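Trainee: One predicted model, sequence on top.
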Amino acid sequence: MHIIFPIAGVGKRLQPFTFSKPKAFIKIAGKRLIDHILIKLKKNFPKGTTIIFIVGYKLRQITDYLTNNYSDYFNIQFKKQTPLGYQDETPYFSGLGDAILLAKELVDNDDIFICLSDRLPMNDYSPLLLNFHQHQCDGIINTKKVEHPQFYGVTIVNREGFITDIVEKPQEFISDLAVSGAYIFSKKVVPRLFKLLEDQNKIELINGQEHQFTPIIKKLLEEGKKIKVNEMTAEILDFGRPESLLEGNRYLLSEVKVENPLYENLIQTNNIIDSKIIPPVFIGKDVKIKDSIIGPNVSIGDECIINRCILSEFVIGDGSHLEKIISKNSILGDYVTLQDVIKEKITIGDQTYIHTHVTREAYNRYD
C-alpha cells in the first residue's frame, strides 16, 4: 500500500500562523502537527513503505524537514504542485483533487492510503486499515460524527455501512457523519479514480474554484463502486481552524505521558521561579517562567521566556517572550514578543512585536 500525503496548501484558515510556515508545522504539545501524524503512521505501516508527499507552499522547508527526520523509516517521494497564481505574494493552488492526481505515476498498481495533514486520530489508523482488509469493498473512508457538519464533507450511509452519497459542506443538515482525513482505495479501483481525476483536471477553473476530491468519490459511487465508512469512536482532532486547534491542544495535552516530573525538574534548575503550573501543561526546552500562573491546557514551545503572566487554554510557539500578559483561548506563533496585554482570544503570527500599556490597577485585579 502506498501513502499519498497532500501538504501543498497554504492553510488560509490558520493565518497568520501560516505566513511563515505550513500549517502542518504548527507545534502542539511539543511536536509539529506533521510529527503527530507521522508517528501514528509509523505504528500502522512497515518500514520502507512509500509515502508520496504532494508539496507546494514552503516547499524547501517541508522537504528538508521530512527528509532529515523520516527518510530512515519511509521511502519518501515528493511531487510538486505548481501554484495557479499568487495573491499578495501568497500562492493559491488548484485543489485537493489535482494534488492527489500528481501521485499517479508513483503508485505502481497498488492500494492507496490518502492522508490529510489537518486531521489526527487520537488512537491511530489501525481501525481503518482493519476494516478495509476485513470487508469486500472498493474503498473505505474515515468518518466521525461532528457537531458542525457544515464545515465538512459528509457521508450518507445505508444499514450495511456503505456510502450512498457524499456532499461537501452542506448548508442544510443531511448527515453529521463527516469525512475525517483518511481514505483507502483498492488497486482495482485506483486506475478509474485517477482517470476521473484526469478528466476533472481538464476542466477550466474560474473565480477561485478548485478541483476537489469529493466530486470524484461521488462519481465512483454513481458508477456502483462500493465504498464503506469507518466510523471512528475515538476522537479525531481537526486542526483546520484556530478554535479547533485549541480544542486539539486540549486533547493532546491530556494524552501526553511525561516520563519525569518535568515541572519539578525545571524548578530545581531555576527555570521556573515563584510560579504555579496547573496541569496539563507542556513546557518545551530551555523555557524560563517567573512570577506566573500557567495552565491548564497550555503548550509552550522551546526557548520561551514568560514573566508575570496568567495563561490558560494557550498555544505558544518557539522563541517567544511574554511579559505581563493575562489571556486565555489564544495562539501565538514563533518568536513573538508580547508585553502588557490583558485580552482573551489573541491570535498573533510569527515574528511579531506588540507592546501596549496596562495600568497597575488593571493588572492588580488579576494579580
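Mentor: All right, it came through fine.
Trainee: Report all helices and strands that the longest helix that the chain contains contacts.
Mentor: Assignment by DSSP state H gives helix 242-255 as the longest helix of the chain. On a contact count with 3 or more C-beta pairs under 8 Å, 6 or more residues apart in numbering; DSSP states H and E, helix 242-255 meets strand 27-28, strand 236-238, strand 298-300, strand 310-316, strand 321-332. Glycine gets a C-beta too; all of them are placed from N, C-alpha and C.
Trainee: List just the one of those that sits closest to Asn271.
Mentor: strand 298-300 (11.3 Å; C-beta to C-beta).
Trainee: any idea how far Thr214 is from Leu196?
Mentor: Taking C-beta to C-beta, to the nearest Å as the measure, Thr214 falls 12 Å from Leu196.
Trainee: What of Ile305?
Mentor: Ile305 is 53 Å from Leu196, by C-beta to C-beta.
Trainee: Check Glu247 too.
Mentor: Distance from Glu247 to Leu196, by C-beta to C-beta: 35 Å.
Trainee: Equivalent analysis for Pro127, please.
Mentor: Relative to Leu196, Pro127 is positioned 27 Å away (C-beta to C-beta).
Trainee: repeat for Asp350
Mentor: 39 Å.
Trainee: can you give me the strands in the stretch 1-150 of the chain?
Mentor: 2-6, 27-28, 31-32, 50-55, 75-80, 85-87, 90-92, 112-115, 119-121, 139-145 (DSSP state E, counting those that start in this stretch).
Trainee: Just to check, Ile76 is in contact with Tyr70?
Mentor: Yes: using C-beta atoms under 8 Å, Ile76 is in contact with Tyr70, at 6.3 Å.
Trainee: Overlap of the contact sets of those two?
Mentor: Here Ile76 and Tyr70 have Ile51 as joint contacts, going by C-beta atoms under 8 Å, 6 or more residues apart in numbering.
Trainee: Now do the helices in the stretch 1-150 of the chain.
Mentor: 33-44, 59-70, 96-101, 104-107, 126-134 (DSSP state H, counting those that start in this stretch).
Trainee: Tell me who's in contact with the most centrally placed residue in the chain.
Mentor: Geometric centre of the chain, nearest residue: Asp118, 2.7 Å, by C-alpha atoms, centre = their mean. Applying C-beta under 8 Å, 6+ apart, one finds that Asp118 lies in contact with 11, 23-24, 33, 181, 238-240.
Trainee: Let's see if you can find the most crowded of those residues.
Mentor: Neighbour counts for the contacts of Asp118, by other C-beta atoms under 10 Å, peak at Phe239, which reaches 27 neighbours.
Trainee: okay, Leu237: pLDDT?
Mentor: Predicted confidence (pLDDT) for Leu237: 77.
Trainee: Specify the beta-bridge partners of it.
Mentor: On the basis of DSSP bridges, Leu237 is bridged to Leu120.
Trainee: was I right about it contacting Arg119?
Mentor: Yes: contact criterion C-beta under 8 Å: Leu237 and Arg119 qualify, at 6.9 Å.
Trainee: How about Lys187: what's its closest non-neighbour residue?
Mentor: Asp111 (5.1 Å; C-beta to C-beta, 6 or more residues apart in numbering).
Trainee: Can you pull out the low-pLDDT segments for the stretch 101-250 of the chain?
Mentor: Under the criterion pLDDT under 70, the flagged ranges of the stretch 101-250 of the chain are 240.
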